[in-house]
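**Student:** Pasting the sequence and the predicted coordinates here, then a few questions.
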Amino acid sequence: MDIADDKTPLLNKTYGRERNTRLKLALLLIGVIFVAVLIGYSVAFFVHRCPGNAKEDTAISNLLIRSVSAKNIEENLKVLSGVPHLAGTPEGLKTAEYVRDKWLEQGLDSAKLVPYNVMLSYPNPDLPNKVSLLENGTEIFHSALEEKILRPEDYNPNIVPPFNAYSHQGEIEGNLVYVNYGRHEDFKFVQENYPEININGSIVIVKYGKLFRGTKVKLAQRAGAIGVILYSDPAEYALEGESYVYPSSWWLPGTGVQRGNVFDSDAKGDPATPGYPAKPYMYRLDDEDTDLPKIPVHPIGYDDARRFLREMTGPEVPNDWRGNLNITYRLGPGFTNTNRKVKLSVHSSREQRTVYNVIGTITGKTEPDRYVILGNHRDAWVYGAMDPSSGTASLLEITRAYGELITSGRWRPRRTIIFASWDAEEYGLLGSTEYVEEFQSSLADRAVAYINVDLSLVGNYTFYARGTPLLYQTVFEATKKVADPDGTADSLYDRWLAKSAPGADNPRVADMGSGSDFAPFVYRIGVSALDMFYSFDIKKVQHYPIYHSSYETFYCVKTFVDSNFLRSQAVAQVWAEVGRHLGDAVVLPMDTREYGIRIRQAMDAIRELYADKMEQQDIYFDDIYSALDNFTSATERFKTEIDQVNKDNPLEVRNVNDRLMNLERSFIDPLGLPGRKYLRHVVFAPSEHDQYSSSAFAGLVDAMFEIDSDPRPEERWDVVRQQMAVIAYTIQSAAYALLGVAGI
């Protein structure tokens, strides 16, 4: 009916509309009441009936720890380190399939390969890399093309020759200059004290040690060097003399060479797809547009290094630059015989290949959307009996122990536990970074913690851990439950405390740098993390000496480091228990107060170093310490809230757990650190001057680094002011996040 034809009186029409409106409102009210009653009943039923509110079964902890077998770890390592398994090779894929099949056999809910198409690097078998000594243009000596086989059992045709992955290709000739460890201060020393020594246009030779090899190359390139030669000096790698080396001990022989990548970038992961997963559809940078080196680099053993260094001319080096080769160390440039030069020949490729992560899962029974991730990389430069196969051997034993509990019906964790076997870590954390990039949204929303064991052991001195402060107490509690493998202390915790921090309340947990697969989790998306292993005495040894050489064999581990595999077992037991506790505790075992303590310690150290200089620029710490006070107060209030939480109320539990889990995210700046946008954690990040080392408040510390010698200091001081503001803001925001609704 048209409105124009409607003859109903106006009063009657209005009354009818009001009656219809009242009827609709009444029906709506009844519906709302019904839904409210239904929701209330459902919540009440969930709160009082949900099996997930049952208390954590602590008996599982002891059962799990006891079930981890040293003998099984030994057998796993024998298999895993039996052949070379470099990323991107057929042997690498076979190892991935072996791990996947093992996990399915052990009873995990799922296990699958996750592939990525990444840029890798390999020597050219037809054009070997080498360093040559030339006389009047004729080669009179060159470095060894491969490591000498010192035990017949160590031979394998698939051993990759020594090389530095991602080196630029090229054949170059020039004078040789010795620059100690290739640190910033080493290049600066030469340039300031010996201006007649021109690094620009020279080939530099530097020792391994002190900082990441890729940073050495970046600094050399910045100084104008046209090539880099790396070698391991016996001063760090053969401390008991050159006559007592592998296979008689674990010290590196003169024929041993450390392989490794020289990719120094805040992005890490696939060099051609920074920030995005290396899937077939992804846009890729051209080779020259990546952060890869633009100069050739090659590693040699100290037997070969001796031949070049002993012929060098120029001033003698300072005492603390000398190594333990029986020669006079000189700076150069060049050789005493002026007709001689050094030639560096590198023909390594950069090519796209497929790598495979292996991802296994045990689905949580109550909170399947919360993930505890246990990870280790699987790829090795050669046999990798320590790095990484000691860790992989332990991971396979942990999954066996978990699998037995699952298949027997004895236990299933509250939260989902993900096991990750990463590929291509040795090339620059490729597997883990690509995974985080692909699943960034899910992981940032759901990951509780990432627990890393790159390798189970590098020595036999004591347990070692580094991590973010939320997990300090978690690892302390786990080590108290594990026996000291050497039998000299009441527990692993007690040995760790006595060796790392005698007289302190707790053992020392180091800050995280980079160099392993925790990096993308912590620095990209703010997931709390731990990394742990059994270590050497760090006061005496820089790194385990056979690192990344073909002498890193099962024989070496069994004979010199862990004969009964009890140290490997202890690390695996801690790893399993930390994963269980995070996966099964009703309230996450994280202590926010530790974060407040560590942040204040770090800021106190920075203020001690820089306060006077900053005050000259009218820059003060007042706002940061005000935010710190607020954060400390918030952690104490939150601890009281946790102590009073009703563990039978899943909504209350979820509320505090989400705030615990998300506290680490509060320290993420989406804009990243200055000049390093892929590093987003304001509190912890690798130092700009060494990817291996950690720097608390790296954005500020890097901005203050030698600021007085900067040709444009005002620009740097603006960065300092900006970082001071960012730090104060970030700490205050973290305090608000802990307080929940009260903080808004």
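**Tutor:** Arrived safely, thanks for sending. This structure is a prediction, so every number in the text was calculated from the model and none was measured. Residues are numbered from 1 along each chain as shown.

**Student:** Return the backbone torsion pair for the closest residue to residue 411 other than its chain neighbours.
**Tutor:** Nearest residue to residue 411, sequence neighbours excluded (C-beta to C-beta, 6 or more residues apart in numbering): residue 405, at 4.2 Å. (Each C-beta comes from the backbone N, C-alpha and C, glycine too.) Per-residue torsions, residue 405: phi -70, psi -40 (degrees, to the nearest 10).

**Student:** distance of residue 405 from residue 134?
**Tutor:** 64 Å (C-beta to C-beta, to the nearest Å).

**Student:** Share the number of residues neighbouring the residue nearest to residue 411, please.
**Tutor:** Number of residues near residue 405 (other C-beta atoms under 10 Å) recorded here: 19.

**Student:** Roughly how far does it sit from residue 370?
**Tutor:** For residue 405 relative to residue 370 (C-beta to C-beta), the value is 19 Å.

**Student:** coming back round to it: what residues are up against the residue nearest to residue 411?
**Tutor:** 60, 63, 64, 411, 412 (C-beta atoms under 8 Å, 6 or more residues apart in numbering).

**Student:** For the second one, pull up the helix or strand it's in.
**Tutor:** Meaning residue 63. helix 59-67 (DSSP states H and E).

**Student:** Check the offset of that helix from the chain's centre.
**Tutor:** 28 Å (C-alpha atoms, centre = their mean, to the nearest Å).

**Student:** I'd like to know which elements it is packed against.
**Tutor:** Applying 3 or more C-beta pairs under 8 Å, 6 or more residues apart in numbering; DSSP states H and E, one finds that helix 59-67 contacts helix 389-407, helix 566-584.

**Student:** and the very next helix or strand once past that helix, average pLDDT?
**Tutor:** Note on helix 59-67: by DSSP H and E, the next helix or strand toward the C-terminus is helix 70-80. The pLDDT scores in helix 70-80 average 98.

**Student:** what packs against helix 70-80?
**Tutor:** Helix 70-80 packs on helix 389-407, helix 566-584, going by 3+ C-beta pairs under 8 Å, 6+ apart.

**Student:** export these to CSV and tack on mean pLDDT and distance to residue 138?
**Tutor:** Below are these laid out as CSV (pLDDT from 0 to 100; distance: least, C-beta to C-beta, whole Å):
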stretch, mean pLDDT, distance to residue 138
helix 389-407, 98, 44
helix 566-584, 98, 51
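
**Student:** Now distance to residue 78 too, for the ones you listed, in TSV please.
**Tutor:** Shown next, in TSV, are the helices and strands packed on helix 70-80 (distance: least, C-beta to C-beta, whole Å):
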stretch	distance to residue 78
helix 389-407	8
helix 566-584	12
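
**Student:** so which of those comes closest to residue 668?
**Tutor:** Distances from residue 668 to each of the helices and strands packed on helix 70-80 were compared by C-beta to C-beta, and the smallest falls on helix 566-584, at 20.3 Å.

**Student:** Quick one: distance of that closest one to the chain centre.
**Tutor:** On C-alpha atoms, centre = their mean, the centre of helix 566-584 falls 19 Å from that of its chain.

**Student:** Run the angle between that helix and helix 70-80 for me.
**Tutor:** Orientation of helix 566-584 against helix 70-80 (axes from the mean of the first three to the mean of the last three C-alpha atoms, to 10 degrees) gives an angle of 100 degrees.

**Student:** what's the next secondary structure element after helix 566-584?
**Tutor:** helix 592-615.

**Student:** buried sites along that following helix?
**Tutor:** 592-596, 598-600, 602-603, 606, 610, 614 (16 or more other C-beta atoms under 10 Å).

**Student:** same for that helix, what does it pack against?
**Tutor:** Taking 3+ C-beta pairs under 8 Å, 6+ apart as the contact cut, helix 592-615 packs with helix 622-643, helix 650-663, strand 690-696, helix 698-704, helix 713-739.

**Student:** go with 7 Å
**Tutor:** helix 622-643, helix 650-663, helix 698-704 (3 or more C-beta pairs under 7 Å, 6 or more residues apart in numbering; DSSP states H and E).

**Student:** And these: which comes nearest residue 494?
**Tutor:** Closest among the helices and strands packed on helix 592-615, using C-beta to C-beta: helix 622-643, at 26.0 Å.
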